[in-house]
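>>> using only what follows, build the 3D model:
(one chain, ligands or ions: 2)
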Amino acid sequence: MDKIAILTSGGDAPGMNAVIRAVVRTAIYYGIEVYGIKNGYEGLIDGEVEQLIESSVADIIQRGGTVLGTSRSERFITHEGFNQAIDVLKKYGINKVIVGGGDGSLRGAKKLSESGIDVVGIPLSIDNDLGFTDYSIGFFTAITTVTNAISNIRDTTESHGRANVVEVMGRDCGDIALYSGIAGGAENIIVPEKKYEISEIAKKAIVGKNRGKRHHIIIMAEGAGNSYEFAEKFEELTGIDTKVTILGYIQRGGSPSVVDRILGSTMGNVAVEHILKNTGGYVMSIREGSVKTYPIGDALKMENKFDEKLSEILKIISI
Ligand SMILES: Nc1ncnc2c1ncn2[C@@H]1O[C@H](COP(=O)(O)OP(=O)(O)O)[C@@H](O)[C@H]1O
Ligand SMILES: O=P(O)(O)OC[C@H]1O[C@](O)(COP(=O)(O)O)[C@@H](O)[C@@H]1O
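Numbers count the residues shown, from 1 in each chain. Ligands and ions are numbered 1, 2, ... in the order given. As a prediction, the model looks like this:
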């Protein structure tokens, strides 16, 4: 008899709870025992495993974070830690695992599948840095939070006639900066995928200022440089009083958006149906509006592409 477990791993993302809820309720619907593994791969190694029932996931769809807890686990990458994790799964008779997380977590899931455990990975990361899916769950909530913050920052920036460098998350991926930059009407974005010239950004601000513009918002992804150093140089070049706002963890928490709840519920449900019918390793994806599955090895080789067109649109319309 199949036994399914669900774990969440890596950086948490709004929508993780919708996934957990859908996985648990779908498994029970099909008469399958379902287990929750606490605190990601760390909890798996330590045997933090608990059977879940319908009511275990009551009243969680609206909550940010993950009720199962998460971790970044150095131990899981070691031979010893990984084998301990496999032993725990064997002890409970769990043969199928659904992993919700980002790139690293899904690499861990691939390793589990190579050890004979059937897995389905669900893309959960606010960064939207996965090549095999158009969107990862959590991204839309994060960019809504960032966009609301930009609107607030714009009000005060405009009143004072200042510039503001808003630092957002995204170590290797500029999607949070790009999408919230478009939605918030930022004049410039600075992202890890593209080189920038501070002199060009300053020139644009001076042209705007001479036109009577009283605010200038620059969104900087955390992986693209040091926002304080940038702001100091920008102020020097433009003569515009320049402040820095680092949004930090504010953008990773909070009640999930409608899109993330629906994506989470759908992917959680389809993941269970898929894992019951298939052996091996897979991931869930959303491509051009449809939910799809890919073999996990192929999926992790797909390159994440920066949306040059959207970046060009920002350049043209945010002057
Ligand atoms: N190549 C890998 N092989 C096995 N496990 C991995 C690998 N990369 C990451 N992991 C596991 O996944 C965890 C989460 O990965 P991390 O990159 O921190 O977050 P995310 O999944 O959000 O990208 C890591 O702490 C580690 O335990
Ligand atoms: O919580 P931590 O360990 O400080 O991680 C911060 C990082 O996690 C993220 O929020 C999400 O990244 P991952 O999806 O790779 O975990 C990044 O944007 C950020 O740099």
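>>> burial of the residue of the stretch 201-319 of the chain found nearest ligand 1, as a residue count?
Nearest to ligand 1, among the residues of the stretch 201-319 of the chain, is residue 300, at 9.3 Å (C-beta to the nearest ligand atom). Yep, even glycine has a C-beta here, placed from its N, CA and C like the rest. By other C-beta atoms under 10 Å, 19 other residues sit near residue 300.
>>> so it touches residue 110, yeah?
Yes: Residue 300 lies in contact with residue 110 (C-beta atoms under 8 Å); the separation is 6.3 Å.
>>> element containing the closest residue to residue 302 other than its chain neighbours?
What sits nearest to residue 302 in space, not counting adjacent residues and going by C-beta to C-beta, 6 or more residues apart in numbering, is residue 131, at 3.6 Å. Residue 131 is located outside every helix and strand, with elements delineated by DSSP states H and E.
>>> do the same with the one 10 residues further on
Taking DSSP H and E as the criterion, residue 141 maps to helix 139-160.
>>> in that helix, which residues are buried?
For helix 139-160, the neighbour count (16 or more other C-beta atoms under 10 Å) marks 139-147, 149-150, 153-154, 157 as buried.
>>> among the residues you listed, which one lies nearest to residue 173?
residue 139 (9.9 Å; C-beta to C-beta).
>>> against residue 170, how distant is the closest residue to ligand 2 within the stretch 201-319 of the chain?
Nearest residue of the stretch 201-319 of the chain to ligand 2 (C-beta to the nearest ligand atom) works out as residue 252 at 5.1 Å. Separation of residue 252 from residue 170 (C-beta to C-beta, to the nearest Å) stands at 11 Å.
>>> report the separation between residue 197 and residue 230.
From residue 197 to residue 230 the distance is 12 Å (C-beta to C-beta).
>>> between these two, which one's more packed in?
residue 230 (21 against 8).
>>> so the residue of the chain at minimum distance from ligand 2, which state does it fall into?
Taking C-beta to the nearest ligand atom, ligand 2 has its nearest neighbour within the chain at residue 11, 2.6 Å off. Here residue 11 is recorded as coil under DSSP: H, G, I helix; E, B strand; the rest coil.
>>> likewise residue 176?
Here residue 176 is recorded as helix under three-state DSSP.
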